[in-house]
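S.K.: Give me a model of this one.
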Amino acid sequence: YRPSSVHGNCFQQGQRLGLASYHFDDVQDDGATHAYISYEHPNCAQWPPLDNGAPVPSRVPFAEVRWDAESRCFRGVIDWQGQHGTTWRGIGRWEYEMVFDQRFLYIASGCCRQFLADGSESNDINHFAQDLLYVNAAAPEAMRDRSGSWTDVDQELTGDSAPVPIRAMLRNAWMQSRE
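M.R.: The predicted structure follows:
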């Protein structure tokens, strides 16, 4: 768990690493941010293949990556057509904006915009902390040394600013840290 940067952290949904989880590698020698989406969880095999019939790759790297440490904002693109020569479920490109909370425990806001094969924007926009609920995979480790009740820990970590579903996920992580 890295509480001061996105680098070295991984964000998951439903406490399942590899189920469309976001991975942010340590800063590389070239100073660039390298990140990818992992589809390595066995449940991903049940998802539809790419539109050309190929299976969804186990790791899909982000392109056009930009990281702003001051605003804790990551921007990146998954270009299905450019990287894989096909669409996935009719979508050729996803454009991401992710804004992380101050402790890098969850994705606090942002969205994923989808673009069709012809380049036009789909009306289907997924918003983080609403449609897309992601918590740091190392949240239990981050909470291990926190004392007090969940209410105290919640107030300290989120100040009630996190949406209820995210707070529920963090509470599960806190409970795991107690086991």
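S.K.: Torsion angles phi and psi at residue 168?
M.R.: phi -60, psi -40 (degrees, to the nearest 10).
S.K.: outside of the least confident helix or strand in the chain by mean pLDDT, which residues touch it?
M.R.: The helix or strand of the chain with the poorest confidence is helix 150-158; it has a mean of 84 (mean pLDDT, DSSP states H and E). With contact meaning C-beta atoms under 8 Å, 6 or more residues apart in numbering, helix 150-158 is reached by 101, 103, 105, 143, 146, 160, 166-167, 170-171, 174-175. From N, CA and C alone the C-beta is placed, and that goes for glycine too.
S.K.: In helices only, show me these.
M.R.: Those of the contacts of helix 150-158 mapping onto helices are 143, 166-167, 170-171, 174-175, per DSSP state H.
S.K.: Which among those residues count as buried?
M.R.: By neighbour count, with 16 or more other C-beta atoms under 10 Å, those hold 143, 166-167, 170, 174 as buried.
S.K.: pLDDT weak spots in the chain?
M.R.: The chain contains residues with pLDDT under 70 at 160.
S.K.: gap between the one residue sitting closest to the centre of it and residue 132?
M.R.: Centre of the chain computed as the mean C-alpha position; nearest residue by C-alpha atoms, centre = their mean is residue 22, 4.0 Å away. Note on residue 22: its distance to residue 132, by C-beta to C-beta, to the nearest Å, is 10 Å.
S.K.: Please apply the same query to residue 166.
M.R.: To residue 132, residue 166 is 10 Å away according to C-beta to C-beta.
S.K.: Could you do residue 87 as well?
M.R.: 20 Å.
S.K.: Now residue 172. Nearest residue, chain neighbours left out?
M.R.: Nearest non-adjacent residue to residue 172, counting by C-beta to C-beta, 6 or more residues apart in numbering: residue 15, 6.7 Å away.
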